[in-house]
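Q: Quick one: sequence plus predicted model below, questions after.
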Amino acid sequence: MDINFNKNEDHNKLLVSDLKNKLVKVKLGGGEKRIKKHHAKGKMTARERVNYLLDSKKKSIEIGAFAGEDMYAEHGGCPSGGVVVKMGYIQGKQCIVVANDATVKAGAWFPITGKKNLRAQEIAIENKLPIIYLVDSAGVYLPMQDEIFPDKEHFGRIFRNNAVMSSMGITQISAIMGSCVAGGAYLPIMSDEAIIVDKTASIFLAGSYLVKAAIGESIDNETLGGATTHCEISGVTDYKATDDKDALDKIKRIVDKIGDYDKAGFNRNEPKKPKENPEDIYGILPRSRADQYDMKEIIKRLVDNSEFDEYKEDYGKSIITAYARIDGWAVGIIANQRTLVKTKKGEMQFGGVIYNDSADKSTRFIANCNQKKIPLVFLQDVTGFMVGSKSEHSGIIKDGAKMVNAVSNSVVPKFTIVLGNSYGAGNYAMCGKAYDPRLIAAWPSAELAVMSGNSAAKVLLQIETASLKKKGETITKEKEDELFNKIKARYDNQVSPYYAAARIWTDAVIDPLDTRTWISMGIEAANHAPIEKQFNMGVLQV
């Protein structure tokens, strides 16, 4: 091991340590005081409910843990978007679990809460996974109702998805474990089966105060919409539970009886661990974004037996295309090569840049994987497509368009891991969020933006200084440096992987050592949904 490896290792382990510390804070939800109040009511927290429900001896992954991070400060914040979403196993069956966190504004829905719930439903729909809702919410957060209520991807889309999933035969089970009011009351009752906890849970379109104001009727919430009312009088709910654990145990027994599913048929062999030590990733991945490294060394530490078969190894070297296995699953890997490589013609290609030949190779490889029914894994560390007269005259736009077309029309499931840079059109071609990866996660070393903070700051500085000069202001070197640093600091904050995760541009920021788990569980989920379309790139210029 050289000194540079050790410095990289220290840097990346500090990033992972920071990630873990952030997760500890996020998992407190609304804070320890509110958790104690929640417990005092005889209720489990959202995370306690999810952990009790999921099989403890099997792995799970959390979607959107950083949703809402550093957002809504003027409203007191919304840790984890006020809702916990996990993909895991209940009685051995893979499921999505969605649990309102009532320690955060009584489980009220912020705009990011709606977006996160829709993402959970999207994952369930794409993969035909059973979805479990643990409902404990005061409904829409009224001070921000205009940002969550009326639009297509707002609150109402949740119930529309309930109906669509029902028609698709996707199992939906709800447990009403606290407040469930107004429009939010439709979600559990549009599920296949609904459980309600006695005394601590209630469900109604309008609470007792609103009923009094609207029609003058005096009634308490328990009589209006408690467990006894809905299990014995209205028939709205299907099961009465004595407490949270009883409700969760009922869900376990229901899920245990769900029949087997039709499989997509993705190829899987006996899983094997990488021969190369995965922890070496910390030392291989450079601490400086300007430094080069060999992406093949990263791949060796992600794939079974550290073995892969490279497709067109000597052509289009700025992208690696290879067949491999991850946790036994056959995968097609498309990864940006971050070393300076030499072509057969003696030309040098910069690492992380997509050239004509690498775009062409990737398009062919994507088509091959679709023909063979092999899921695709994109490892992003990309600065964009090559620019300049030579590339333009060679038709880089056309070759890039072909690659984007292939990614867009791919029918096999796609999974994206952002290792380093994810800039500009490179993000699109390498299956960014807009291109429907089944799961997309970032390492703590990732950056997502139109361009790097340094490049963006230079461009924005030129615009800013030109504007000031037009106003007759003199720009000194000190003033220019001050402006540059101010612009770069703002932009650097926006390229952070946590900024992206807060807005659910990615599903998570993860420890690199968890990458195999994310991809394996993602492919297992995708195997629930047989492919119903043929790969077709349509009409494009060739």
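A: Nice, I can see it.
Q: Now do stretch 452-464: everything it contacts.
A: For stretch 452-464, contacts defined as Cβ atoms under 8 Å, 6 or more residues apart in numbering pick out 289, 383, 421, 423, 447, 449-451, 480, 483-484, 487-488, 491-492, 495. C-betas here are computed from N, CA, C, even on glycine.
Q: in that stretch, what counts as buried?
A: Applying a neighbour-count criterion of 16 or more other Cβ atoms under 10 Å, one finds 452-453, 455-457, 460-461, 464 buried in stretch 452-464.
Q: what residues are up against Thr321?
A: By Cβ under 8 Å, 6+ apart, the residues touching Thr321 are 310-312, 332-334, 361-362, 365.
Q: what helix or strand is it on?
A: strand 319-326 (DSSP states H and E).
Q: Ile158 versus Pro143, what's the distance?
A: Applying Cβ to Cβ, to the nearest Å, the value for Pro143 to Ile158 is 20 Å.
Q: hmm, which helix or strand of the chain has the shakiest average pLDDT?
A: Scoring the helices and strands of the chain by mean pLDDT, DSSP states H and E places strand 348-349 at the bottom, with a mean of 68.
Q: Can you name the next helix or strand after that strand?
A: Strand 348-349 is succeeded, C-terminally, by strand 353-354 (DSSP H and E).
Q: Just checking: what are the partner strands of that following strand?
A: Sheet pairing for strand 353-354, assigned by DSSP bridges, gives strand 384-385 (parallel).
Q: Can you tell me what sits against the partner strand?
A: Contacts of strand 384-385 (Cβ under 8 Å, 6+ apart): 353-355, 359, 391, 396, 400, 423-426, 429, 451.
Q: rewinding a little: name the nearest of the contacts of stretch 452-464 relative to Leu129.
A: Glu447 (31.0 Å; Cβ to Cβ).
Q: For the closest one, grab the count of nearby residues.
A: For Glu447, the number of neighbouring residues by other Cβ atoms under 10 Å comes to 22.
Q: is it true that it touches Gln494?
A: No - contact status for Glu447 versus Gln494: not in contact, 9.5 Å apart, counting by Cβ atoms under 8 Å.
Q: before we move on, the earlier item: inside helices: which ones of the buried residues of stretch 452-464?
A: 453, 455-457, 460-461, 464 (DSSP state H).
Q: ok, back up a step: after the strand holding Thr321, next one along is what?
A: Criterion used, DSSP H and E; the element after strand 319-326 is strand 329-336.
Q: ok so, going back, which ones among the contacts of stretch 452-464 are found in helices?
A: Residues of those located in helices (DSSP H): 480, 483-484, 487-488, 491-492, 495.
Q: And Cys369, its phi and psi?
A: Here is the backbone geometry of Cys369 (degrees, to the nearest 10): phi -60, psi -40.
Q: neighbours of Ala502, just the number please.
A: Ala502 has 21 neighbouring residues, counting by other Cβ under 10 Å.
Q: for the one 5 residues further on, same thing?
A: The number of residues packed near Asp507 is 29, by other Cβ under 10 Å.
Q: quick one, what contacts it?
A: Neighbouring residues of Asp507 by Cβ under 8 Å, 6+ apart: 63-64, 119, 439-441, 501.
Q: tell me the secondary structure for Ala175?
A: strand (DSSP: H, G, I helix; E, B strand; the rest coil).
Q: Leaving out the residues flanking it, which one is nearest to Tyr133?
A: Nearest residue to Tyr133, sequence neighbours excluded (Cβ to Cβ, 6 or more residues apart in numbering): Ser174, at 4.4 Å.
Q: surely that neighbour meets Ile195?
A: Yes - proximity of Ser174 to Ile195 meets the contact threshold set by Cβ under 8 Å, at 7.1 Å.
Q: Quick check: neighbours shared by the two?
A: Here Ser174 and Ile195 have no joint contacts, going by Cβ under 8 Å, 6+ apart.
Q: so where do the helices sit in the stretch 151-300 of the chain?
A: Along the stretch 151-300 of the chain, counting by DSSP state H, counting those that start in this stretch, helices occupy 156-168, 186-189, 208-215, 221-225, 227-228, 244-256, 281-284, 295-300.
Q: so which of these gets nearest Leu15?
A: With Cβ to Cβ as the criterion, Leu15 lies closest to helix 281-284 of those, at 8.9 Å.
Q: Can you pull out the residues in contact with the closest one?
A: 1, 5-6, 8-9, 12-13, 16, 293-294, 297-298, 301, 512-513.
Q: Of the ones in helices among the contacts of stretch 452-464, select the buried ones using a ChimeraX command.
A: Burial among the ones in helices among the contacts of stretch 452-464 is assessed by 16+ other Cβ under 10 Å; the matching ChimeraX selection reads:
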select :483,484,487,488,491,492,495
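Q: list the buried ones in stretch 245-265?
A: Using 16+ other Cβ under 10 Å as the test for burial, stretch 245-265 gives 247-248, 250-251, 254-255, 261, 264.
Q: Then stretch 441-452?
A: The neighbour-count check on stretch 441-452 (16+ other Cβ under 10 Å) flags 441-449, 451-452 as buried.
Q: now stretch 521-536, how far from the chain's geometric center?
A: Averaged C-alpha coordinates place stretch 521-536 at 18 Å from its chain's average position (Cα atoms, centre = their mean, to the nearest Å).
Q: Show me what the mean pLDDT comes to for it.
A: Taken as a whole, stretch 521-536 has a mean pLDDT of 95.
Q: Ok, stretch 492-502 next?
A: What stretch 492-502 shows for mean pLDDT is 91.
Q: what's the first-to-last distance across it?
A: 15 Å (Cα to Cα, to the nearest Å).
Q: do the same with stretch 270-288
A: Start and end residues of stretch 270-288 are separated by 37 Å (Cα to Cα).
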